[in-house]
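Colleague: Turn this into a model:
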Amino acid sequence: MIQKLFTAPFDLLIKVGEKVQEEADKEMYDLETIQKKLVHLELMLEMDEVSEEEYKESEEELLERYEIAKLKEQEQFYNRG
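Modeller: Presented below is the predicted three-dimensional model:
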């Protein structure tokens, strides 16, 4: 009982940290979010709001994230069955 009083704040902090990480991963590797960002990036290029170099760098990063997200999605699918 006393141990729970001392560890409860740490347990809560760990749970909050895990939730924050989970939400960050969800945002970072959400396929729909990545697709929207790619479309937005392309529009920015067409409207000359980003340079060709900035576009290519951002596109490469987003495509890498997309690839990782697809792999994660496949892992989850295969781990269910």
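
Colleague: could you pull out the helices for this protein?
Modeller: Ranges of helices in the chain, per DSSP state H, are 2-28, 31-46, 52-80.

Colleague: any idea how far the most centrally placed residue in the chain lies from Tyr78?
Modeller: What sits nearest the mean C-alpha location of the chain, by Cα atoms, centre = their mean, is Met28, with 1.3 Å. Met28 is 21 Å from Tyr78, where distance means Cβ to Cβ, to the nearest Å. Heads up, the C-betas are built off the backbone N, CA and C, glycines and all.

Colleague: How many residues are close by the closest residue to the residue nearest to the centre of the chain other than its chain neighbours?
Modeller: Closest residue in space to Met28, ignoring its immediate chain neighbours: Arg65 at 6.4 Å, by Cβ to Cβ, 6 or more residues apart in numbering. By other Cβ atoms under 10 Å, 18 other residues sit near Arg65.

Colleague: Kind regards, and thank you for your time.
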